[in-house]
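Q: Sequence and computational prediction follow.
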Amino acid sequence: AQSVAQPEDQVNVAEGNPLTVKCTYSVSGNPYLFWYVQYPNRGLQFLLKYITGDNLVKGSYGFEAEFNKSQTSFHLKKPSALVSDSALYFCAVRDRGNNRLAFGKGNQVVVIP
Amino acid sequence: GAGVSQTPSNKVTEKGKYVELRCDPISGHTALYWYRQSLGQGPEFLIYFQGTGAADDSGLPNDRFFAVRPEGSVSTLKIQRTERGDSAVYLCASSLDRGESYEQYFGPGTRLTVT
C-alpha cells in the first residue's frame, strides 16, 4: 500500500523567509511524487512532480522539491515566501504499478507579513 | 483551455435519497479519477477510468457507490441510499497518463451534504 505522511499540521513563516513543507512517503516500488496546493473554496492545483531524472524538481510559483530516495522524502521548498503562498499544501504519491494517488492530510501554510 | 468541471457545485440531500454527481474532464484526457475529501483530510481515491472502463474501483467504500463513463469522456458518480457519513467534497480529476504527463488535474469539487 502507498501512503504519505505530512508531520506538521501548520507551518508559520515570515514573509521573505524560506519555506519548507515536509513529506515522507511509503510505496512498494519506485514512486511518482506530486505536490498540490489548495486555496479556500477552490480545487487542488498541481505545483510540481517527480517522475524520474534529477532529484531537484522545479515547479510553479517559485516552488521546488527534492526527492531523497534513502530518506523516502519529498520536501517542498521556496526560497522566499509570499503572503499569497498562504494555503493548504498536499503531498501525494503514486506507485508505478497503479494509478491511485495517495495524499497526505495536508499542511496549512501561514505566511506572516 | 478549459479545466475539469463538476456539477453541481453543492448538493444537499436527505438521508436515503439517490444522488448523481457529474464530471467533465479536460478534452483529450483518457484517464479520469474520483476522489472524496472529508473535512481536514486529504483526498481519498475512489475509482479510476481508462477510457470507458473502470480500471480500478478498489476505493469505492461499498456497493451503494458506483460510477460510469459510457463514452469515455463525461463521468457520473452515483450514490444510492445516501447516509450522513457520505457528506464530503467529491473531487474529479483527469490526466493524459502517457509519457511523463502523469499529473492529475482536479475540478473544483461537489460538496455533498446529507441531512
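A: Cool, the structure landed. Being a predicted model, the structure only gives us computed values, none of them experimental.

Q: Only C-alpha atoms from now on, for both contacts and neighbour counts.
A: OK.

Q: Contact residues of chain B facing chain A?
A: Counting by C-alpha under 8 Å from any C-alpha of the partner chain, chain B comes close to chain A at B:40-45, B:48, B:100, B:103-109.

Q: Write a PyMOL command that selects only the buried members of these.
A: A single PyMOL command is used to select the members of the residues of chain B next to chain A judged buried by 16 or more other C-alpha atoms under 10 Å in any protein chain shown:
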select buried, chain B and resi 42+43+44+45+48+103+104+105+106+107+108+109
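
Q: Can you pick out the most distant pair from the residues of chain B next to chain A?
A: Greatest spatial distance among the residues of chain B next to chain A (C-alpha to C-alpha): B:G40 and B:E100, at 30.7 Å.

Q: Can you give me the buried ones in the worst-scoring helix or strand of chain B on mean pLDDT?
A: The weakest-scoring helix or strand in chain B, judged by mean pLDDT, DSSP states H and E, is strand B:53-56 (a mean of 91). Neighbour counts using 16+ other C-alpha under 10 Å place B:54, B:56 of strand B:53-56 among the buried residues.

Q: Against which helices or strands is the following helix or strand past that strand packed?
A: The helix or strand immediately downstream of strand B:53-56 is strand B:65-68, counting by DSSP states H and E. When contacts are defined as 3 or more C-alpha pairs under 8 Å, 6 or more residues apart in numbering or on different chains; DSSP states H and E, strand B:65-68 packs onto strand B:75-79.

Q: can you rerun that using 10 Å?
A: Counting contacts by 3 or more C-alpha pairs under 10 Å, 6 or more residues apart in numbering or on different chains; DSSP states H and E, strand B:65-68 packs against strand B:19-24, strand B:44-50, strand B:53-56, strand B:75-79.

Q: where among the ones you listed is the average confidence lowest?
A: Here these differ in mean pLDDT, and the lowest is strand B:53-56 at a mean of 91.

Q: which residues touch that strand?
A: A:98-100, B:31-33, B:45-50, B:66-72 (C-alpha atoms under 10 Å, 6 or more residues apart in numbering or on different chains).

Q: Using PyMOL, make a named selection holding only the buried ones among these.
A: Here is the PyMOL selection string for the buried members of these, based on 16+ other C-alpha under 10 Å:
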select buried, (chain A and resi 99+100) or (chain B and resi 31+32+33+45+46+47+48+49+50+66+67+68+69+72)
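
Q: ok, and the closest non-adjacent residue to residue 43?
A: In the absence of a named chain, chain A is used. Spatial nearest neighbour of A:G43, excluding adjacent residues (C-alpha to C-alpha, 6 or more residues apart in numbering or on different chains): B:P108 at 4.1 Å.

Q: That was the other one, I meant chain B.
A: If the residues on either side of it in the chain are set aside, B:P43 comes closest to B:Q37, at 4.3 Å by C-alpha to C-alpha, 6+ apart.

Q: Bridged to the residue nearest the centre of chain B, which residues?
A: Nearest to the geometric centre of chain B sits B:W34, at 3.1 Å (C-alpha atoms, centre = their mean). Beta-bridge partners recorded for B:W34 (DSSP bridges): B:I47, B:C92.

Q: which residues touch the closest residue in space to B:L46 that isn't next to it in sequence?
A: Take B:L46 and drop its neighbours on the chain: the residue closest to it by C-alpha to C-alpha, 6+ apart is B:G59, 3.9 Å away. Residues near B:G59 by C-alpha under 10 Å, 6+ apart: A:100, B:34-36, B:44-48, B:65.

Q: I'd say A:R94 and A:F34 touch.
A: Yes - judged on C-alpha atoms under 10 Å, A:R94 makes contact with A:F34 at a distance of 8.4 Å.
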